[in-house]
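Student: Pasting a predicted model and its sequence here:
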Amino acid sequence: MDCHSCGKQIEADSHFCRLCGAAQRPLADVKNTPGDAGSVKGSSELWPFWFMGGLLLVAVLMVLAFNQGDPSSAPPSVTATTDTPDNLAAVDGLAAVDSLNPSESLVNAEAVTPTAPPEPWTYSTTEDKVRGATSYFASTTSTNSVELDAPYDGGSTLRMTVRKSPAHGADVILLLSSGQLLCRAYDGCYATVRFDREPAERVELVEASDNSSDTVFVSEARPFITKLKKAKRVIVELEIYEAGRPQFEFDIAGLKWGH
C-alpha cells in the first residue's frame, strides 16, 4: 500500500510509514504497550507539546524562586486589629466627624454674640390713681444669704428697693426675707454701710409705720441713692434678732434712676 504522507510503497499491514514515520491508521487502533513500535512512534509525534510544557514549567519555577529571594515582591502583611474600647471609640469618633454637616457643626466665631450677664436691678411701676401719677421702683437682692436659727431655718437674704412715689417721695427700703430686724426707735436704729472701697459709714434707719419687723427705711434716702448710682458694690450690716449684725453684699452697678 502507499503511505498516506509521503506516497511511498510500504507493507500492507504497516501502522507507520517506514520511510517518513507517518501513522497509517488512527492512533486509537495502536496498542499502548511497552516495546510496541506504534507506541514509540505515537509518542514521538507529541514531543513538541512535551517540550513546550517543560519550558513553561521551568519558567514558573524561576519566577517563584525570584519572588522568594526579593523581599520587596512579597505581598503586604496584614496586621490584625483588636477591637479594644479605645479603638472602637476612635472609629466611632471618625465616623461621627465624617457624618457632620459643616453647615450645622461649624460655627463662625465672629457670628457668636456673648451673652450679657443679668442686670442686678429689676424695674417696675404702679399707677397712683388717686393722685394721677406713677410710682417707680428699682430692686436688687443680696448676693449672699445668712443662716438663721429656728424658727427661721434656712438662708435669709436682704432686698433693697429704691422707690419714688407721689405719696411718699424718694425712699430706700430694706426688706429681710425671713427673721426680724431690730430697729428700736428709743435707742437708735442704724446700719453700717460701705460703698466700693470707701470707708464704712453709719446710716440711720427708720422703722416701718406699720411696725413690720422685717422692713426698715433709710432715713436720708436721696444722698444714699446718689451713692448707689455711682458705686458698683455695697455691703450693708444691720442687726437681726438673735443673729447679731450679719453683713449682706449687693452688686449694684448700672442703676438707672432719674426720678
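Tutor: Perfect, I can see it now. Numbers count the residues shown, from 1 in each chain.

Student: now for stretch 171-183, what's the gap between its first and last residues?
Tutor: Between the opening and closing residues of stretch 171-183 lies a distance of 17 Å (C-alpha to C-alpha, to the nearest Å).

Student: now swap in stretch 156-175 and tell me
Tutor: 10 Å.

Student: Sketch out the low-pLDDT regions of this protein for me.
Tutor: When residues are selected by pLDDT under 70, those of the chain lie in 25-49, 66-117, 185-186.

Student: Identify each of the helices in it and give its residue range.
Tutor: For the chain, the helices defined by DSSP state H cover 37-45, 47-69, 85-99, 102-105, 221-230.

Student: So which residues of the stretch 51-200 of the chain form strands?
Tutor: Under the criterion DSSP state E, counting those that start in this stretch, strands of the stretch 51-200 of the chain are mapped to 122-128, 133-141, 146-148, 154-156, 158-165, 169-176, 190-195.

Student: Need the residues that contact the longest one.
Tutor: Taking C-beta atoms under 8 Å, 6 or more residues apart in numbering as the criterion, the residues outside strand 133-141 that touch it are 120-128, 157-167, 250-252, 255-257, 259. To be clear about C-beta, it is placed using only N, CA and C from the backbone, and glycine gets the same treatment.

Student: Drop anything exposed from those.
Tutor: Neighbour counting over the contacts of strand 133-141 (16 or more other C-beta atoms under 10 Å) leaves 120-121, 158-165, 250-252, 255 as the buried ones.

Student: Among these, which pair sits farthest apart?
Tutor: S165 and D251 (25.2 Å; C-beta to C-beta).

Student: count of neighbours near the closest residue to A243 other than its chain neighbours?
Tutor: In space, not counting the residues next to it along the chain, A243 is nearest to L148; the distance is 5.5 Å by C-beta to C-beta, 6 or more residues apart in numbering. The criterion is other C-beta atoms under 10 Å. On that basis, L148 has 21 neighbouring residues.

Student: can you list contacts of stretch 180-198?
Tutor: With C-beta under 8 Å, 6+ apart as the contact definition, stretch 180-198 has outside contacts at 174, 200-207, 213-216, 218, 227-228, 230-241, 245.

Student: Then stretch 229-240?
Tutor: 142, 146, 148, 156, 158, 160, 174, 176, 179-183, 190-196, 198, 205, 216, 227-228, 245-253, 255, 257.

Student: In contact with the residue lying closest to A208 once chain neighbours are set aside, which residues are there?
Tutor: In this structure, A208 finds its nearest non-sequential neighbour in T215, 4.5 Å apart by C-beta to C-beta, 6+ apart. Taking C-beta under 8 Å, 6+ apart as the criterion, T215 is in contact with 173-176, 181, 207-208.

Student: Neighbour-wise, which one of the residues you listed leads?
Tutor: Each of the contacts of T215 was scored by neighbour count (other C-beta under 10 Å); the top score is that of L176, with 24 neighbours.

Student: Check whether that residue really touches D214, as I assumed.
Tutor: Yes. Using C-beta atoms under 8 Å, L176 makes contact with D214 at a distance of 4.5 Å.

Student: Identify the contacts common to the two.
Tutor: Shared between the contact lists of L176 and D214 (criterion: C-beta under 8 Å, 6+ apart) there are no residues.

Student: Just give me the neighbour total for V236.
Tutor: Residue neighbour count, defined by other C-beta under 10 Å, stands at 19 for V236.

Student: Please report the distance of it from M52.
Tutor: V236 sits 112 Å away from M52, going by C-beta to C-beta, to the nearest Å.

Student: Then T192?
Tutor: According to C-beta to C-beta, T192 and M52 sit 117 Å apart.

Student: Would you mind telling me which of these two has the busier surroundings?
Tutor: Comparing T192 with M52 by neighbour count (other C-beta under 10 Å), the higher total belongs to T192, at 15 against 10.

Student: Perfect, I'm done here.
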